[in-house]
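[1] predicted structure and sequence below. I'll ask about it afterward.
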Amino acid sequence: MADLDTLRAGCAEEVIATGLKCPLPLLKTKKALARVADGARVYLAATDPNTLRDLGAYAAESGHRVEFAERIGEVYHVILTKGGEHLAPPS
C-alpha cells in the first residue's frame, strides 16, 4: 500500500476534524463525500478515539471503501473512496 502522503495527495476533499468529538468527524466526512464524485477519495484527520470504528462501520453500511485507516501519534488518518454504481460495496 502506498504511504499516507501519496494517498492524501490524490484526495478530492480533506476534512480536518482534530479536536472535535463524535459525531462531528463522521458528519463532516459524510458532507465531504456528498460533494465528490463516485470513485473520488476523501481524507479525514481526527483525534476522537471512536474515529476508526465509526468510519469503518459507516463505510461498510454505505458502500464506500476505506483505503487507509491508521493512528499516527494522536491523530487518526482515514482515506475513503466514495462508492457508487461502478464500485462494488465491501464484502
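    Okay, I see it. These figures come from a predicted structure and were not determined experimentally.
[2] over to the closest residue to Leu55 other than its chain neighbours: give its phi and psi.
    With C-beta to C-beta, 6 or more residues apart in numbering as the criterion, Leu55 has its nearest non-adjacent residue at 4.9 Å, and that residue is Val78. Where C-beta positions appear, they are placed from N, C-alpha and C, glycine not excepted. With angles defined as degrees, to the nearest 10, Val78 sits at phi -130, psi 130.
[3] pretty sure Val78 sits against Phe68.
    Yes - using C-beta atoms under 8 Å as the test, Val78 is close enough to Phe68 to be in contact (6.7 Å).
[4] between the two, which one's more packed in?
    Between Val78 and Phe68, counting by other C-beta atoms under 10 Å, Val78 is the more crowded of the two (24 against 19).
[5] now for that one: which residues touch it?
    The neighbours of Val78, taking C-beta atoms under 8 Å, 6 or more residues apart in numbering as the test, are Thr29, Tyr43, Leu44, Ala46, Thr51, Leu52, Leu55, Val66, Phe68, Ala69.
[6] closest to Thr6 out of these?
    Phe68 (9.9 Å; C-beta to C-beta).
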